[in-house]
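J.: 3D, please:
(chains A, B and C)
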Amino acid sequence: MRIEGLRVAGETELLHGVSLAVGAGEAVGLVGESGSGKSLTLRAVMGLLPRGLRVTGGTVEVDGRAAMIFQDPLTFLDPLVRVGDQVAEVCRVVAGLSRRASRVRALELFADVRLDDRAVLARRYPHQLSGGQRQRVLLALALAQEPDLLLCDEPTTALDVTVQREVLDLLASLRAERGLSLVFVSHDLAVVAQLCDRVVVLRDGEVVEAGATRDVVARPHHPYTRRLLDAVLPLPALAGGRDG
Amino acid sequence: MADGLELTGVSVAYAGRRVVDDVSLQVRPGTIVGLVGESGSGKTTLARAVVGTVGLAGGTVHLDGTPLARRRSRTERRAVQLVQQDPYASLNPLLTVGRVLDELLRVHRLAERRIASDTAGAPDAGAWRRARCAELMGLVGLEADTLGRYPRQLSGGQRQRVAIARALAVEPRILVADEPTSALDVTVQRTVLDVLVGLSARVGLGVLLISHDLSVIHAACDDVAVLREGRIVEHAPAARFFTHPSDPYSRRLLQAVPRLPERAP
Amino acid sequence: MSTTTAAVRPSVRWLRRARRTPALVAGTAILVVVGVVAVLAPVIAPYDPASQDLGNGLAPPSAAHWFGTDQLGRDILSRVMAAGAGERGIYLAYALVGWITYARVIRARTRTLCREGWVQAARGGGLSHGRVLFGHLLPNVAPLAVVLLMTEILLIMVAVVTLGYLGLGVQPPTPDWGTMISDGQLFLTTRWWVPTLPGLAVVLTGVGLSLTGDGLADVWRLR
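T.: Down below sits the predicted model:
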């Protein structure tokens, strides 16, 4: 995916020429505080801008298919349809499968996203699932579209820290297994650092810094980046290591 | 009898289930105790039980040695104050910050109580209140002109600090902060936490800081208690907890926190 | 009482915003005109609404009779003005019955507000039930209550007019828009002014109420 000079405006301009590129199999993090325009950028790529906003300049090129997952799965899942059926419907539309074949495929996808008790869960409604389970269902929905690029809009922000870890691990392994490209939006630099090779820092609708994650974290150039890094509350190292 | 807030065997039931189960902990004046819990752990219910919004199914809550009943008197309500998570719903949209604080000072007749013990100068309740409002703003690091603003003119971080000032206005002994920074931007979180830490030291306030975010707890708290499914599974001084947690659940929580790679000094 | 000095008093700011809201200005203007005419009808009506002139029935609008005359030669303009005041008894009856639905909506809104953080904080800060209810909740619910009131009045007006149309409301010879429409509907294609002008009076009042309600909702940012 490549974005060049993207501008989005409603009554006022909200994105002032954002440029960003993601190569095949790459994971790029988009970091910023509220109002920075990070979610808006993803939505512009998917053509999902809220009412009243439109792209007023720049170009967006996506090579292949793009799917998106969101922060609040509840608002993106149909509350009246069982989750298994929702995923199956996407499979039917995308791959032209028969009803039975799409149900099978949906269960396979549930396995891919590491949902336990797949058969039981597939018959549940969204409000009967936990936050982590719903996010996995949303991920299954996205994967059902057989995307080359996955756009993630703060998918773990509302999750417990242990569940967040699992979802991030899941995204990392899916990326490795399928060669997916990722664009991961978050306000949390530490989360982005864990998952992404490169990071782009957004502020008030503009890119202020971009580069390899390790470089940006170790030697930030822009004062805003430095402020963001300083604001991250540190935790002392855990004795016995992180995986003990 | 101990100083400050003391919970002994506190339980809260909801629809037949124990949402808070046999919780005991203590918050001494001048200290900040952190309560870590994931969603569903019962932390918000515990906060409500401490503040008296919800009744206990068992156990007691003591403040400076005296038990606090479910139906609290005005004085008892003043003593334990709550700061909530959502800064955007915590202030009456029709009132300026100054009016909110002034009303609290008037209702509790704080000017009259304080001036009576102050011999210098002619007593003027209005002037005392104005000065006190400005002082409260100072305590939370806000400019005095914030008093004239409406909530919609304030940012999330400013609103949270106003909520803290409002809690302070009634001169509480204990402050319960339920996820006070969760809805705030990262650069603002530290400001609010610094306010809480500073208040604890300067005013001798005891603070119960509830959060799911371990780095927030680490930044502000002296002691850490971990709540899981309504029970306390670990309670340790912060210094030890973050490097040598004893409970496997605590360890899992700490391992799950994403951390930044090393920065240049 | 306030420890602060706002640059401009809130009520002045509100008036400024109100003046700039087209719906509110138009709606209020209409209601004021309708109200004044209805109240002053006995004084300013050109003719006695009940006086008949059988030789001059169904006369079209002219300099002498701006709205023309009905089948009994009565001046329609005077009757429309007189009917504007309405039969107080019927409106009162409706209000006594209809307030329940209205109250339910207001109550629901108040209960929702109760769950907001600032209400709980007010109680937690030691403010009494009374103070929270009247000093805090009421001012926050009042805008909704007033806007809904406009709709309520409009609905009552339509109901009364409908009753009159069906012959179930105000009895002759008291003039009533509903009865005037019903009596005149035979002449809709031949002597259009007889049913249409009273009908327009109904529409105008309804539009006035509606615009005022919308305008207030805009000013109070309820939409």
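
J.: okay, buried residues for the helix or strand hosting residue C:216 please.
T.: Using DSSP states H and E, residue C:216 falls within helix C:193-219. Neighbour-count burial for helix C:193-219, counted by 16 or more other CB atoms under 10 Å in any protein chain shown, picks out C:193-199, C:201-202, C:205-206, C:208-219. Any C-beta I mention is one placed from the backbone N, CA and C, and that applies to glycine too.

J.: so which of the residues you listed also contact chain A?
T.: With CB under 8 Å from any CB of the partner chain as the criterion, these include none near chain A.

J.: circling back: any part of the helix holding residue C:216 near chain B?
T.: No: Helix C:193-219 lies out of reach of chain B by CB under 8 Å from any CB, never closer than 14.0 Å.

J.: in the stretch 101-250 of chain B, which residue sits closest to chain C?
T.: Here the residue of the stretch 101-250 of chain B nearest chain C is residue B:148; by CB to the nearest CB that distance is 3.7 Å.

J.: residue contacts, the nearest residue to residue A:152 once chain neighbours are set aside?
T.: Once flanking residues are discounted, residue A:152 sits nearest to residue A:184: 4.6 Å by CB to CB, 6 or more residues apart in numbering or on different chains. Contact analysis of residue A:184 by CB atoms under 8 Å, 6 or more residues apart in numbering or on different chains lists A:27, A:28, A:29, A:30, A:152, A:171, A:191, A:192, A:195, A:196.

J.: and if you look at residue B:175?
T.: The contact partners of residue B:175, taken as CB under 8 Å, 6+ apart, are B:80-83, B:164, B:167-168, B:196, B:199, B:205-208.

J.: inside helices: which ones of these?
T.: Cross-referencing these against helices under DSSP state H gives B:164, B:167, B:168, B:196, B:199.

J.: return the helix or strand in chain B with minimum mean pLDDT.
T.: Using mean pLDDT, DSSP states H and E, the weakest-scoring helix or strand in chain B turns out to be helix B:110-116, at a mean of 75.

J.: so does that one get close to chain C?
T.: No: using CB under 8 Å from any CB, helix B:110-116 stays clear of chain C, with a minimum separation of 10.8 Å.

J.: and that helix, which residues are buried?
T.: Buried residues in helix B:110-116, counted by 16+ other CB under 10 Å: B:110, B:111, B:114, B:115.

J.: what about the last one, distance to chain A?
T.: Pointing back at residue B:115 there. Taking CB to the nearest CB, to the nearest Å as the measure, residue B:115 falls 42 Å from chain A.

J.: my read: that residue touches residue B:128, true?
T.: Yes: between residue B:115 and residue B:128 there is a contact at 5.8 Å, judged by CB atoms under 8 Å.

J.: avg pLDDT for the helix or strand where residue B:193 lies?
T.: Using DSSP H and E, residue B:193 maps to helix B:186-203. Regarding helix B:186-203, the rounded mean pLDDT is 90.

J.: now that helix: how far from the chain's centre is it?
T.: How far helix B:186-203 lies from its chain's middle: 11 Å, per CA atoms, centre = their mean, to the nearest Å.

J.: show me which residues of the stretch 101-250 of chain B are close to chain A?
T.: Neighbours of chain A within the stretch 101-250 of chain B, by CB under 8 Å from any CB: B:185-187, B:189-190, B:193, B:212-216, B:218-219, B:242-245.

J.: residue C:119 and chain B, how far apart?
T.: Distance from residue C:119 to chain B, counting by CB to the nearest CB: 8 Å.

J.: tell me the secondary structure for that residue?
T.: helix (DSSP: H, G, I helix; E, B strand; the rest coil).

J.: OK, contacts around it?
T.: B:92, C:113, C:132, C:136, C:137.

J.: switch the cut-off to 7 Å
T.: Going by CB atoms under 7 Å, 6 or more residues apart in numbering or on different chains, residue C:119 touches C:113, C:132, C:136, C:137.

J.: so what's the residue count around the nearest residue to residue B:64 once chain neighbours are set aside?
T.: Of all residues not flanking residue B:64 in the chain, residue B:3 sits nearest, at 6.1 Å (CB to CB, 6+ apart). Neighbours of residue B:3 under the rule other CB atoms under 10 Å in any protein chain shown: 15.

J.: before we move on, what about residue A:206?
T.: Using other CB under 10 Å, residue A:206 has 15 neighbouring residues.

J.: cool, and residue A:218?
T.: Counted with other CB under 10 Å, residue A:218 comes out at 14.

J.: hmm, who's touching stretch C:203-217?
T.: C:21, C:23-24, C:26-28, C:30-31, C:34, C:146-147, C:150-151, C:153-154, C:157-158, C:223.

J.: just the buried ones from those residues?
T.: By neighbour count, with 16+ other CB under 10 Å, these hold C:21, C:23-24, C:26-28, C:30-31, C:34, C:147, C:150, C:153-154, C:157 as buried.

J.: those in helices, which ones?
T.: Among the buried ones among the contacts of stretch C:203-217, the members found in helices (DSSP H) are C:23-24, C:26-28, C:30-31, C:34, C:147, C:150, C:153-154, C:157.

J.: pLDDT and distance to residue B:238 added to those residues, as JSON lines?
T.: Shown next, in JSON lines, are these (pLDDT from 0 to 100; distance: CB to CB, whole Å):
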{"residue": "C:23", "pLDDT": "89", "distance to residue B:238": "58"}
{"residue": "C:24", "pLDDT": "89", "distance to residue B:238": "58"}
{"residue": "C:26", "pLDDT": "92", "distance to residue B:238": "64"}
{"residue": "C:27", "pLDDT": "91", "distance to residue B:238": "62"}
{"residue": "C:28", "pLDDT": "91", "distance to residue B:238": "62"}
{"residue": "C:30", "pLDDT": "92", "distance to residue B:238": "68"}
{"residue": "C:31", "pLDDT": "90", "distance to residue B:238": "66"}
{"residue": "C:34", "pLDDT": "88", "distance to residue B:238": "71"}
{"residue": "C:147", "pLDDT": "88", "distance to residue B:238": "53"}
{"residue": "C:150", "pLDDT": "88", "distance to residue B:238": "59"}
{"residue": "C:153", "pLDDT": "87", "distance to residue B:238": "63"}
{"residue": "C:154", "pLDDT": "88", "distance to residue B:238": "63"}
{"residue": "C:157", "pLDDT": "85", "distance to residue B:238": "68"}
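
J.: so which of those residues is the closest to residue B:50?
T.: Set against residue B:50, the nearest of those by CB to CB is residue C:147 (40.0 Å).

J.: and the residue in the stretch 101-250 of chain B that chain A sits nearest to, how far from residue B:36?
T.: Of all residues in the stretch 101-250 of chain B, residue B:215 sits closest to chain A, at 3.8 Å by CB to the nearest CB. Noted for residue B:215: a distance of 11 Å to residue B:36, by CB to CB, to the nearest Å.

J.: quick one: which of the two has more around it?
T.: Set residue B:215 next to residue B:36 and count neighbours by other CB under 10 Å: residue B:36 wins out with 28 against 19.

J.: for that one, what are its contacts?
T.: Contacts of residue B:36 (CB under 7 Å, 6+ apart): B:211, B:212, B:214, B:217, B:224, B:226, B:227, B:253.

J.: now the third one: phi and psi?
T.: Translated: residue B:214. phi -60, psi -30 (degrees, to the nearest 10).

J.: and for it, nearest residue in space, chain neighbours not counted?
T.: Of all residues apart from its sequence neighbours, residue B:257 sits closest to residue B:214 (CB to CB, 6+ apart), at 5.3 Å.
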